[in-house]
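Visitor: Sequence and predicted structure below; questions after.
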Amino acid sequence: MLQKLDTHLKVGLIGFGLSGRYFHAPFLKVNPRLRLTKVVERSTNEAILFDPSLEIVRSPAELLADPAIDLVFICTPNHTHFEYAKAALEAGKHVVVEKPFANTLAEAEALMELAERKKLFITAYQNRRWDADFLTIQALLQTETLGQIVEVESHFDRYRPQVPQGTWKELPMPGAGNLYNLGPHLIDQVLTLFGPPKTVTATIKTTRTNALTDDYFDIRLDYTDKRIALKSSLLAYKNDLRFLIHGTQGSFVKKGLDVQEDLLRQGMWPNQPNWGAEPSSQWGKVYSEARTGPVESQLGNYTPFYDNLYEVIVNAAEPLVKPYQILQTTRTIDRALASNQLQKTVEF
């Protein structure tokens, strides 16, 4: 990456829904090295309510034509990610793509190749690496408290029996459905911990009446020495289990979701003291012969992702979310879809 003389990067958001408004805009607003200046909204003006200094444009092409924009976030419906990311790279912009990074491995590889050819940085938004529960598990595994890990269950369950109308996430189009919505997070976390598996076995279903896309998945990743289950259901009334980890010397159970999304939706700013702190009632618990008791949660904080963007683009630092990891996550989704279609275990 070429060194930039400015002290900040100018950022544009394509899309200002849940992702753009609540996940990205607050972190960009409080980061002194990333300056959000322009937002694409087709017909609404929500960005002005968030920050009156922001400029709203009505099309991605308008934003990409601005030579002052250094970095673009793709926060649009999943089926548009490849199209807009490709256009941003071709316009000479660095790019962050919301999950899923792409709808197929071929698309993901094409974006990586284009970015390399244009000498630009492209990455996936994998914020769940900085959830309190995942940071706590990373630290716990480094202590070898649980011994050798033999089994992991990772859940992201919800209870949404009514199929909402008018949302692209519930329409049968590329990238829609629960697997593409939540799967990238669960997959990325376990691949970060353990690397790619040997085989993939998946069941992907539509369980709700009138649903047009998948709303349930159970993905089994087999390693030589461990097995991992990634599960998500939108018909889980009792849905507080997040992680269950068994090792040769003990087990760890973690319930509840990271608090950051709720805090952001409430309008809180991520530069507040003690940001991302979980209540003690939500801490995980270790069970072993050596000790049984709570494990204080690490502070969840998505800030390192944004700090790393600047460092990679300006100072050629190592990216935290690496290209090969993005491709492995996309490949896992492809293999899960193949396993489900063939109704058998497939090689990774």
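Guide: Noted; the coordinates are in hand.
Visitor: Pretty sure L49 sits in a helix.
Guide: Yes. Counting by DSSP: H, G, I helix; E, B strand; the rest coil, L49 is found in a helix.
Visitor: Could you measure from the closest residue to R129 other than its chain neighbours over to L244?
Guide: Take R129 and drop its neighbours on the chain: the residue closest to it by Cβ to Cβ, 6 or more residues apart in numbering is T192, 6.2 Å away. Placement of C-beta: from N, CA and C, glycine included. As judged by Cβ to Cβ, to the nearest Å, T192 and L244 stand 18 Å apart.
Visitor: do the same with L18
Guide: Per Cβ to Cβ, L18 is found 28 Å from L244.
Visitor: What of Q148?
Guide: Distance, Q148 to L244, using Cβ to Cβ: 16 Å.
Visitor: for F348, same thing?
Guide: F348 sits 23 Å away from L244, going by Cβ to Cβ.
Visitor: And the protein, what are its domain boundaries?
Guide: Here the domain parsing of the chain from automatic domain parsing is 9-125, 128-300+332-347.
Visitor: Show the backbone phi and psi for S297.
Guide: When read as degrees, to the nearest 10, the backbone of S297 gives phi -70, psi 140.
Visitor: Show the contacting residues for it.
Guide: By Cβ atoms under 8 Å, 6 or more residues apart in numbering, S297 lies in contact with 132-133, 135-136, 277-278, 282-284.
Visitor: So which of the residues you listed is the closest to L221?
Guide: D133 (18.7 Å; Cβ to Cβ).
Visitor: Tell me which residues touch the residue nearest to that closest one when sequence neighbours are not counted, please.
Guide: Nearest residue to D133, sequence neighbours excluded (Cβ to Cβ, 6+ apart): K254, at 5.0 Å. By Cβ under 8 Å, 6+ apart, the contact set of K254 is 133, 136-137, 242-244, 284-285.
Visitor: Helix or strand for the residue lying closest to P323 once chain neighbours are set aside, just tell me which one.
Guide: Using Cβ to Cβ, 6+ apart and skipping residues adjacent in sequence, the residue nearest P323 is M112, 5.3 Å away. In the assignment (DSSP states H and E), M112 maps to helix 105-118.
Visitor: On the strand side of things, show who the nearest residue to K198 once chain neighbours are set aside bridges to.
Guide: Counting by Cβ to Cβ, 6+ apart, the nearest residue to K198 once its immediate chain neighbours are dropped is D222, at 5.6 Å. Assessed by DSSP bridges, D222 has beta-bridge partners T199, R227.
Visitor: Can you get me a residue count around D222?
Guide: When counting by other Cβ atoms under 10 Å, one arrives at 15 neighbours for D222.
Visitor: so who does it touch?
Guide: Contacts of D222 by Cβ under 8 Å, 6+ apart are 197-201, 228, 345.
Visitor: Could you export the helix holding M112 as PDB, CA atoms only?
Guide: Extracted C-alpha coordinates of helix 105-118, given in PDB (Å, rounded to 0.1, in the frame of the first residue of the first chain):
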ATOM      1  CA  LEU A 105     -16.300 -19.000  -4.100                       C
ATOM      2  CA  ALA A 106     -15.800 -18.000  -7.700                       C
ATOM      3  CA  GLU A 107     -17.100 -14.500  -7.000                       C
ATOM      4  CA  ALA A 108     -14.800 -14.200  -3.900                       C
ATOM      5  CA  GLU A 109     -11.800 -15.300  -5.900                       C
ATOM      6  CA  ALA A 110     -12.600 -12.800  -8.600                       C
ATOM      7  CA  LEU A 111     -12.700  -9.900  -6.200                       C
ATOM      8  CA  MET A 112      -9.400 -10.900  -4.600                       C
ATOM      9  CA  GLU A 113      -7.700 -11.200  -7.900                       C
ATOM     10  CA  LEU A 114      -9.100  -7.800  -9.000                       C
ATOM     11  CA  ALA A 115      -8.000  -6.100  -5.800                       C
ATOM     12  CA  GLU A 116      -4.500  -7.600  -6.200                       C
ATOM     13  CA  ARG A 117      -4.300  -6.500  -9.800                       C
ATOM     14  CA  LYS A 118      -5.400  -2.900  -8.800                       C
END
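Visitor: ok, then the element right after that helix?
Guide: Following helix 105-118 in sequence, per DSSP H and E, is strand 122-124.
Visitor: distance of the residue nearest the centre of the chain from P304?
Guide: Note on the chain: the residue nearest the mean C-alpha position is Q126, at 3.4 Å, using Cα atoms, centre = their mean. Distance of Q126 to P304, computed by Cβ to Cβ: 11 Å.
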